[in-house]
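Enquirer: here's my sequence, what's the structure:
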Amino acid sequence: MIVLNKPHLTGKESEYIGQAIKGQSSGNGVFTKKCHQFFTEKYGFKKTLLTTSCTDALEMCALLLNIQIGDEVIVPSYTFVSTANAFVLRGARIVFVDSCEHQPNIDVSKIEELITPRTKAIVVVHYAGVAVDMDTVMNLADRYNLFVIEDAAQAIDAYYNKRALGSIGHLACFSFHETKNIISGEGGLLVINDERFIQRAEVLWEKGTNRSAFIRGEVDKYGWVDVGSSFLPSELIAAFLFAQLEHLETIQQKRKHVWNYYMRALLEVAGNFDIQLPCIPNYAQHNSHIFYLVCNSFDQRNHLISNLYASNIQAPFHYPPLHLSNFYLQTHKPKILPNASKFFDRLIRLPIHSHLSKTDQDYVIAELIKALQSSLH
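Expert: All right, here's what the predicted structure looks like:
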């Protein structure tokens, strides 16, 4: 089976985990600090905190923004459930936005009409590591005094007009789940770009205590000063992650090569089968996280998935839109968001990872073309 994803291991993961086991295995040790330093120096993030998942980082965002019952948070429908659930847990009303017509990212032209006096934040998701139009979003936030959270779960080492994704919103979140470009099994990162949130973020991260300030010698003892939870990961996760970060350039180059090979090969045939290839706006420098194509119908999508699977190729669809989820429809009237629904009905993802050989890709492309040809009959 040519799998959708296969993690890239550098060979240093076990060595660094061994060092952590012999030293400090609980969180916020040497490897955590090395990871934090890497992110702030490479991407210009003001403050970073490793978390046990991107979901935890999103939940920290909801706490930092003091989301209350009755607050409204604007969120794209075409995303993973954590993007919305983090704010639902604090009592927010989620206001879903459709995707763009030609790509799965949030349609920024539809945001302003959804802003009300109750709106507190806008969450954007950089799907497939392709940037949302952040200037438009930040201008709206400034005009209406709103906060912006970048859900950059898929967007490590991707850019908007040469600015690192995650460095633009007031807060941002990354994932290092096994399915991402850079991994630690599970794991995430909270980025704080607004200095107003830095001190409280440390407290939330340390279970509601001012332990970080105590370690720095800023207070003579630490205690319970706010709400919080056990958001920081063990040093074993940080050690694994740092081994990956040391090889980030190599991993990204390999993925970019695979992504570009697909694009060159399929550009020649896409028009013959009425399929759409990834749309990359001029302002976006993507990170080759996903290579997807958009079929011309739900039936064609299912035909391709089943035929490719029969040829031992994983090529799944992606998110069911959240505005059509059972949970949302229990308490809300159905919304019509045609583009989010279209991408669920028609989008499939091709295998992409650093281990994929040219032979593998040629096979995937050949079998895909066969399936496309048979879908027309």
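Enquirer: going forward, measure contacts and count neighbours with C-alpha atoms only.
Expert: Fine.
Enquirer: how about the helices in the stretch 101-250 of the chain?
Expert: Remark: helices assigned in the stretch 101-250 of the chain by DSSP state H, counting those that start in this stretch are 134-144, 198-205, 211-215, 235-245, 248-267.
Enquirer: residues in contact with the first one?
Expert: Around helix 134-144, the neighbours that count as contacts under CA atoms under 8 Å, 6 or more residues apart in numbering are Val108, Glu112, Ile122, Leu146, Phe147, Val148, Tyr160, Ile168, Gly169.
Enquirer: dump those to TSV, plus pLDDT, neighbour count and distance to Lys335.
Expert: Output for the contacts of helix 134-144, formatted as TSV (pLDDT from 0 to 100; neighbours: other CA atoms under 10 Å; distance: CA to CA, whole Å):
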residue	pLDDT	neighbour count	distance to Lys335
Val108	98	20	18
Glu112	98	13	17
Ile122	99	23	19
Leu146	98	18	24
Phe147	98	21	25
Val148	99	24	23
Tyr160	98	22	30
Ile168	98	20	30
Gly169	98	23	27
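Enquirer: what is the nearest of these to Gly208?
Expert: Of all the contacts of helix 134-144, Gly208 sits closest to Phe147, with 22.7 Å by CA to CA.
Enquirer: residue nearest the middle of this structure, spatially speaking?
Expert: In the chain, the residue lying closest to the centroid (CA atoms, centre = their mean) is Ala153, at 1.8 Å.
Enquirer: is it true that that one touches Cys173?
Expert: Yes. Taking contacts as CA atoms under 8 Å, Ala153 lies within contact range of Cys173: 6.2 Å.
Enquirer: identify the contacts common to these two.
Expert: Common neighbours of Ala153 and Cys173 are listed as Cys54 (criterion: CA under 8 Å, 6+ apart).
Enquirer: I'd like the distance between Val219 and Val203.
Expert: Val219 sits 13 Å away from Val203, going by CA to CA, to the nearest Å.
Enquirer: lowest-pLDDT helix or strand in this structure?
Expert: The helix or strand of the chain with the poorest confidence is helix 211-215; it has a mean of 81 (mean pLDDT, DSSP states H and E).
Enquirer: packing partners for that one?
Expert: Contacts defined by 3 or more CA pairs under 8 Å, 6 or more residues apart in numbering; DSSP states H and E place helix 211-215 against helix 198-205.
Enquirer: tell me which stretches of this protein form strands.
Expert: 47-51, 72-76, 93-97, 119-125, 147-151, 159-160, 163-164, 171-175, 188-192, 284-285, 291-294, 347-350 (DSSP state E).
Enquirer: buried stuff in stretch 163-173?
Expert: Neighbour-count burial for stretch 163-173 flags Arg163, Ala164, Leu165, Gly166, Ser167, Ile168, Gly169, His170, Leu171, Ala172, Cys173 (criterion: 16 or more other CA atoms under 10 Å).
Enquirer: once you drop chain neighbours, what's closest to the fifth one?
Expert: It refers to Ser167. Among residues not flanking Ser167 along the chain, Phe45 sits closest, at 5.5 Å (CA to CA, 6 or more residues apart in numbering).
Enquirer: what do you get for the fourth one?
Expert: With CA to CA, 6+ apart as the measure, Ala172 is the residue that lies nearest to Gly166, at 5.0 Å, once sequence neighbours are left out.
Enquirer: report the contact partners of the residue of the chain most remote from its centre.
Expert: The outermost residue of the chain, judged against the average C-alpha position, is Asp220 (38.9 Å), by CA atoms, centre = their mean. Neighbour list for Asp220: Phe214 [criterion: CA under 8 Å, 6+ apart].
Enquirer: against Arg211, how distant is it?
Expert: Computed as CA to CA, the Asp220 to Arg211 distance reads 10 Å.
Enquirer: returning to that earlier point: give me every residue that touches the residue nearest to the centre of the chain.
Expert: Taking CA under 8 Å, 6+ apart as the contact definition, Ala153 lies against Cys54, Val125, His126, Cys173, Phe174, Ser175, Phe176.
Enquirer: please tell me how far it sits from Leu165.
Expert: For Ala153, the distance to Leu165 - CA to CA - is 10 Å.
Enquirer: what about Tyr363, neighbour count?
Expert: Applying other CA atoms under 10 Å, we find 15 residues neighbouring Tyr363.
Enquirer: pLDDT wise, what is the residue nearest to Lys12 when sequence neighbours are not counted at?
Expert: Excluding its sequence neighbours, the residue lying closest to Lys12 (CA to CA, 6+ apart) is Ala243, at 5.4 Å. Ala243 is assigned a predicted lDDT (pLDDT) of 98.
Enquirer: how about the contacts made by Ala243?
Expert: Thr10, Gly11, Lys12, Glu13, Tyr16.
Enquirer: separate out the buried members of those residues.
Expert: Buried among the contacts of Ala243 (16+ other CA under 10 Å): Thr10, Lys12, Glu13, Tyr16.
Enquirer: contacting residues around the first one?
Expert: For Thr10, the contacting residues are Ala243, Gln244, His247, by CA under 8 Å, 6+ apart.
Enquirer: pLDDT wise, what is His8 at?
Expert: Reported pLDDT for His8: 97.
Enquirer: ugh, typo on my part, it should be Gly217
Expert: Gly217 is given a pLDDT of 80.
Enquirer: equivalent analysis for Ile365, please.
Expert: As predicted, Ile365 sits at a pLDDT of 98.
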